[in-house]
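Asks: give me coordinates for this.
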Amino acid sequence: MSFPSARGAPTHETASFGFKAVPTVARQGLVNEVFSTVADRYDLMNDLMSGGLHRAWKDDVVAWLAPPKSARPFNLVDVAGGTGDIVRRFLDSGGSGCSAVLCDISPAMVDAGRRRLAGPQFARRLAFTIANAEVLPFPDTSFDAYTIAFGIRNVTHIDRALCEAYRVLKRGGRFLCLEFSACEVPLLDRLYDFHAFEVIPRLAALTGSAEPYRYLVESIRQFPRQEPFAALIRAAGFARVRYRNLTGGIAAVHSGWKI
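Replies: Predicted coordinates for the structure are as follows:
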């Protein structure tokens with residue numbers, strides 16, 4: 001069976017959407033629909049997916065980034081920035097020279113971020129952009145740091161997103177990615193699988209959002225494990241690539257530098 005491409009020519013190219021294979025040209029639209037559906041409940045979703053641990057994991061990301069406390073200019077782009085958890089932590093912990101751009105492909109998620117970060121303490125230091133991680137609307141070497149939290153597994157072409165991250169970073173810039181990963185602790189892995197595949201779908205069904213949550217849980221299992229993902233980051237040009245497992249590998253933070 002062939003699918004029509006964006007230009008009308010048949011193509012056999014497919015991509016994973018959870019455990020299903022869908023036409024590559026259709027995948028991003030399906031992902032966008034998921035996040036449009038859950039935008040107002042996104043923080044609750046993260047609490048369900050991580051048992052509330054995502055808050056501490058995001059603290060770890062910003063602590064590892066270590067934004068400067070001075071007035072020295074230091075700008076961050078947070079891609080797939082959602083409701084602004086990372087940029088809020090970044091601006092709260094950094095000095096007056098820190099600024100950020102929250103970038104997300106979903107207008108509904110950007111609107112949610114605007115509402116959450118409407119305070120005067122953010123007004124002059126924070127901008128919002130609707131854009132695809134695979135084709136960022138920023139000039140080369142624009143940012144000192146690039147973060148993406150629980151977003152890269154929703155990108156259709158991960159390699160393209162990583163190359164874009166490399167392109168928009170300055171020399172000496174830092175890439176940090178927080179994502180669900182492969183638990184490496186016996187018994188804890190079984191406990192998390194039970195939570196993800198049994199508990200979360202039942203809770204999601206009570207909210208009327210079973211299908212979006214099913215995709216989000218399945219997409220975790222489709223995402224590369226720690227070492228293969230580190231290899232993708234290196235292939236995009238990053239150096240000094242390493243990762244830290246969080247909560248036994250339920251999540252991991254990958255880091256790389258543009259040198």
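
Asks: give me the sheet partners of the host helix or strand of residue 244 and which way each runs.
Replies: Here residue 244, judged by DSSP states H and E, is contained in strand 239-246. Strand 239-246 has its sheet partners listed here by DSSP bridges as strand 251-257 (antiparallel).

Asks: pull out the buried positions in the strand it pairs with.
Replies: Using 16 or more other C-beta atoms under 10 Å as the test for burial, strand 251-257 gives 251, 252, 253, 254, 255, 256. C-beta here means a position set from N, CA and C on the backbone, and glycine is covered the same way.

Asks: look up which residues are beta-bridged to the first one.
Replies: In this structure, residue 251 has beta-bridge partners residue 180, residue 246, where bridges are defined by DSSP bridges.

Asks: so it sits right up against residue 183, yeah?
Replies: No - taking C-beta atoms under 8 Å as the definition, residue 251 is not a contact partner of residue 183, at 9.1 Å.

Asks: can you show me the strands along the protein?
Replies: For the chain, the strands defined by DSSP state E cover 3-4, 10-11, 14-17, 20-23, 74-79, 98-104, 126-130, 143-149, 169-180, 239-246, 251-257.

Asks: now those strands as a markdown table including distance to residue 50 and mean pLDDT?
Replies: Output for these, formatted as a markdown table (distance: least, C-beta to C-beta, whole Å; pLDDT from 0 to 100):
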| stretch | distance to residue 50 | mean pLDDT |
| --- | --- | --- |
| strand 3-4 | 35 | 31 |
| strand 10-11 | 36 | 41 |
| strand 14-17 | 22 | 81 |
| strand 20-23 | 24 | 81 |
| strand 74-79 | 18 | 98 |
| strand 98-104 | 19 | 97 |
| strand 126-130 | 25 | 97 |
| strand 143-149 | 11 | 98 |
| strand 169-180 | 8 | 97 |
| strand 239-246 | 10 | 98 |
| strand 251-257 | 7 | 97 |
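
Asks: for residue 202, find the nearest of those strands.
Replies: strand 169-180 (19.2 Å; C-beta to C-beta).

Asks: quick one, the closest one and strand 251-257 angle?
Replies: Relative orientation of strand 169-180 versus strand 251-257 (axes from the mean of the first three to the mean of the last three C-alpha atoms, to 10 degrees): 170 degrees.

Asks: related to what we said a few turns ago, export the strands of the chain to a markdown table and tack on distance to residue 32?
Replies: Formatted as a markdown table, the strands of the chain follow (distance: least, C-beta to C-beta, whole Å):
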| stretch | distance to residue 32 |
| --- | --- |
| strand 3-4 | 18 |
| strand 10-11 | 20 |
| strand 14-17 | 12 |
| strand 20-23 | 13 |
| strand 74-79 | 15 |
| strand 98-104 | 10 |
| strand 126-130 | 11 |
| strand 143-149 | 16 |
| strand 169-180 | 19 |
| strand 239-246 | 28 |
| strand 251-257 | 24 |
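
Asks: nearest to residue 199, of the ones you listed?
Replies: strand 169-180 (15.3 Å).

Asks: packing partners for that closest one?
Replies: If you count contacts as 3 or more C-beta pairs under 8 Å, 6 or more residues apart in numbering; DSSP states H and E, strand 169-180 packs onto helix 54-65, strand 143-149, helix 226-235, strand 251-257.

Asks: check those for me and report the most buried one.
Replies: strand 143-149 (a mean of 24; mean count of other C-beta atoms under 10 Å).

Asks: quick one: strands adjacent to that strand?
Replies: Strand pairing (DSSP bridges) places strand 143-149 next to strand 74-79 (parallel), strand 169-180 (parallel).

Asks: in the protein, which residue is most central in space?
Replies: Taking C-alpha atoms, centre = their mean, the centroid of the chain lies closest to residue 151, which sits 2.1 Å from it.

Asks: check contacts around that residue.
Replies: The contact partners of residue 151, by C-beta atoms under 8 Å, 6 or more residues apart in numbering, come to 79, 80, 81, 82, 104, 133, 179.
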